[in-house]
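1. quick one: sequence plus predicted model below, questions after.
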Amino acid sequence: MTDLTTTHLKYLLDQATSGPWEAKNSDCITSEHGEVLWNADQAVDWNRNDHDVNLAAAAPQLAQEVIRLREQVKGLILAMETKAANNEQQNPAIIAGYLKEIILGDHDE
């Protein structure tokens, strides 16, 4: 299975051409500066599927989103642990609201 740890995702992002990437006519993926990162002519054993190309082009933003979510959830867990250590009550509705805002944000379409 692919290593999807936060450390590995950050490493992959640091080593990759910076995003955003864009799929053009499902024939190639380019960087924001127009560099061709992949094209159909150079692919080896790539079963060309428009959806695959679009997903590959979204990879940098998806990795960044995973990292952002993990950092946000980690912060929420720390806040909850701090409240628990201080014997403070935690309202489940408030926690659910924070989770909705952090995880769904404006992406719940």
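-> Structure's in. What do you need? Residues are numbered from 1 along each chain as shown.
2. can we go C-alpha only for contacts and neighbour counts from here?
-> Noted.
3. point out where the protein drops to low pLDDT.
-> For the chain, the stretches flagged by pLDDT under 70 are 1, 42-52, 54, 105-109.
4. next, the buried residues of the lengthiest helix in it.
-> Longest helix of the chain, by residue count under DSSP state H: helix 59-85. Using 16 or more other CA atoms under 10 Å as the test for burial, helix 59-85 gives 60, 63-64, 66-67, 72, 76, 80.
5. so what does the residue lying farthest from the centre of the chain look like in phi/psi?
-> The C-alpha centroid of the chain is most remote from residue 87, which lies 34.8 Å away (CA atoms, centre = their mean). Torsion angles at residue 87 (phi, psi; degrees, to the nearest 10) stand at phi 60, psi 30.
6. at which residues are the helices of the chain located?
-> Listed in chain order, the helices of the chain (DSSP H) span residues 6-15, 50-57, 59-85, 92-99.
7. nearest to residue 25, out of those helices?
-> Checking the helices of the chain against residue 25 by CA to CA gives helix 50-57 as the closest, at 8.3 Å.
8. just give the closest residue to residue 29, not the sequence neighbours.
-> In space, residue 29 comes closest to residue 23 once its chain neighbours are excluded; the distance is 4.5 Å by CA to CA, 6 or more residues apart in numbering.
9. for residue 69, same thing?
-> With CA to CA, 6+ apart as the measure, residue 103 is the residue that lies nearest to residue 69, at 6.3 Å, once sequence neighbours are left out.
10. state the distance from that neighbour to residue 78.
-> Using CA to CA, to the nearest Å, we find residue 103 at a distance of 16 Å from residue 78.
11. again with residue 13
-> With the distance defined as CA to CA, residue 13 ends up 26 Å from residue 78.
12. cool, and residue 10?
-> Distance of residue 10 to residue 78, given as CA to CA: 22 Å.
13. could you do residue 7 as well?
-> Applying CA to CA, one obtains 19 Å for the distance of residue 7 from residue 78.
14. then residue 3?
-> In terms of CA to CA, residue 3 sits 25 Å off from residue 78.
15. do residue 57 as well
-> Relative to residue 78, and taking CA to CA, residue 57 is found at 34 Å.
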